[in-house]
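K.L.:
here you go, sequence then predicted model.
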Amino acid sequence: MAKHRLWLDSIPGGLRPGQTMLIEGEEAWHAVSVKRVVPGEEVELLDGQGHRATAQVQAVEGKKGRARLVALVGQVEALAEPAPRLTVLTAVPKGGRVDDMIDQLSQAGAAAWGPLHATRSVVDPRPAKLDRLERIAIEAAKQCGRGRALAVLPPCTLADALRPEPGVSVLVADGSGVAVGDLSAGGSGLRLLVGPEGGWTDEELGQARAAGAGVVRFGPHIMRIETAAVVAAGVLMSRSA
């Protein structure tokens, strides 16, 4: 049976073998009231800083909507970050589809996601929405055992997204591009841009090519934003797995 995972936002000095952890708040309440974690049971701890540890529950207390859990840290391991470091910038899908996209991009191994404003964009996420997506990213990290949660970035324009950074190749997903199998992108990082439901304008594609971005297609059909983002992320991450 898989061990229950707990996400610890901040640990002074990091996780250390033999350390006793006092875990409170929502993570403790979920472990006690939903997962029915009991003393003697082994759990996994993720510190959000790239470390995962096994731990044995020493004591449990839960009452009136509050819980405390004491765990003794055992083996600690550093989790390697997936390479290349992939940042995905997309127009924002409508409704709950963006929630699913964040969850699935996290599973695929993307390091970060951010909302991209394009000419045909129709959704402009408010700060409260981005905060909620950060929480979804943390839950996804717990589910798939990531050492760090997918980062949720502030909104940016196409001009900002195309601005080059050392060691980062910029790719624009579009059906007019070269097949992904013909892709030759160097560097330690990738930045993938996915446009809105109506597609990129000719001017935007021209702007991307003029900036030196690679225009790449990831399949024979037109995809929804969230489908294109996750498919492309999976393909790009698998090329170096």
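P.N.:
All right, it came through fine.
K.L.:
buried stuff in the longest helix along the chain?
P.N.:
Across the chain, the helix with the greatest residue count (assigned by DSSP state H) is helix 127-144. In terms of neighbour count (16 or more other CB atoms under 10 Å), helix 127-144 has its buried residues at 130, 132, 133, 136, 137, 138, 140, 141, 142. For every residue, glycine as well, the C-beta is placed using N, CA and C.
K.L.:
likewise for stretch 93-112?
P.N.:
Along stretch 93-112, these residues count as buried under the neighbour rule (16+ other CB under 10 Å): 93, 98-99, 101-112.
K.L.:
what's the domain layout of the protein?
P.N.:
4-78, 85-238 (automatic domain parsing).
K.L.:
Throw those into CSV and include mean pLDDT, thanks.
P.N.:
Formatted as CSV, the entries for the domains of the chain read as follows, by pLDDT from 0 to 100:
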stretch, mean pLDDT
domain 4-78, 91
domain 85-238, 93
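K.L.:
now, of those, which is deepest in the fold?
P.N.:
Comparing the domains of the chain by mean neighbour count (mean count of other CB atoms under 10 Å), domain 85-238 comes out on top with a mean of 18.
K.L.:
and that domain, how far from the chain's centre?
P.N.:
Taking CA atoms, centre = their mean, to the nearest Å, one finds domain 85-238 lying 11 Å from the centre of the chain it belongs to.
K.L.:
quick check: end-to-end length of it?
P.N.:
In terms of CA to CA, to the nearest Å, the two terminal residues of domain 85-238 are separated by 12 Å.
K.L.:
ok, the residue nearest the centre of the chain - contacts?
P.N.:
The residue at the geometric middle of the chain, judged as the C-alpha nearest the mean C-alpha position with CA atoms, centre = their mean, is residue 150 (2.6 Å). Shown here is residue 150, whose contacts under the criterion CB atoms under 8 Å, 6 or more residues apart in numbering are 102, 105, 106, 110, 111, 112, 113, 137, 140, 141.
K.L.:
tell me which of those is nearest to residue 81?
P.N.:
Distances from those to residue 81 were compared by CB to CB; the smallest belongs to residue 111, at 7.1 Å.
K.L.:
picking that back up, redo the buried residues of helix 127-144 as CSV? Include distance to residue 20.
P.N.:
As requested, the buried residues of helix 127-144 are exported to CSV (distance: CB to CB, whole Å):
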residue, distance to residue 20
130, 35
132, 33
133, 33
136, 31
137, 28
138, 24
140, 28
141, 24
142, 22
